[in-house]
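>>> let me see the structure of the following:
(chains A, B and C)
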Amino acid sequence: MAFWLAKTEPDECSIDDFARAPQTPVRWDGVRNFQARNYLGQMGVGDLVFIYHSSCREIGIAGIARVSTAAYPDPSQFDPDSPYHDGRSTPDNPRWLAVDMVHHQRFERVLSLTRIKSLPGLEGLPLIQRGSRLSVMPVTAEHWEILLQATGA
DNA sequence: GCCAACGTTGGC
DNA sequence: GCCAACGTTGGC
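Below is the predicted model of the structure:
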C-alpha cells in the first residue's frame, strides 16, 4: 500500500463531501498536469490519500481518503461541455486519468500548511518545496507518519 | 530544440 | 487582488 497527497479547492470538492457519504466513491478527475497524471496512474486500490485544501481560508490537510478504483481514463476529457475537455484525447488514446476514492477519515481540525512547514523531517515533500504546484504527489511512509502524528489523531 | 509568451497555480 | 513560480504551447 502506498501513500499520496492530493490537492483540491474545497469549493469544488472537500473532505466534507467525502464524509457526508462515506460509502460513495468520489471521482478524482480534472487533473491536467502530466506528472500528477502519472502519479494517479500509479495509485492502487487501498492506497491512502491526504486530502489537502488549497486556495481557501483554512489551507492544509483536512483528512484522508482511500483509493477504491485504480486509474481509468478521465471521462471529462471527452466531454465537450466540461471545463476539462481536451480535444486531443481520443478513447483509443486518452491523455488524462482519474481514480475513485472513498472517505477514510476527517481530521477534527485541519493540519495547517503553516504547521506542516514547521515540522522537522519533511525534507523532500513536494508540498513544501518552493514553487511546487504539483497537485498529486507521493508521500513516503516516514512523512506520512510525521504528518499523521501532527494531527493528533 | 530553443525560448518567449501565455495561462494557471496557489500562498499571501 | 496580487504576483512569483511554474508548465505548456507554438513560432522559428
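>>> can we go C-alpha only for contacts and neighbour counts from here?
OK.
>>> and A:G44, what is it in contact with?
Residues near A:G44 by C-alpha atoms under 8 Å, 6 or more residues apart in numbering: A:M1, A:A2, A:V67, A:T69, A:A70, A:A71.
>>> so which of the residues you listed are in strands?
Among the contacts of A:G44, the ones falling in strands (DSSP state E) are A:V67, A:T69, A:A70, A:A71.
>>> mind putting those in JSON lines, distance to A:R32, pLDDT and neighbour count included?
Below are the ones in strands among the contacts of A:G44 laid out as JSON lines (distance: C-alpha to C-alpha, whole Å; pLDDT from 0 to 100; neighbours: other C-alpha atoms under 10 Å):
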{"residue": "A:V67", "distance to A:R32": "19", "pLDDT": "98", "neighbour count": "24"}
{"residue": "A:T69", "distance to A:R32": "19", "pLDDT": "98", "neighbour count": "18"}
{"residue": "A:A70", "distance to A:R32": "17", "pLDDT": "97", "neighbour count": "18"}
{"residue": "A:A71", "distance to A:R32": "14", "pLDDT": "97", "neighbour count": "22"}
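>>> can I get those in CSV with distance to DNA strand B?
As requested, the ones in strands among the contacts of A:G44 are exported to CSV (distance: C-alpha to the nearest atom of the strand, whole Å):
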residue, distance to DNA strand B
A:V67, 20
A:T69, 23
A:A70, 22
A:A71, 20
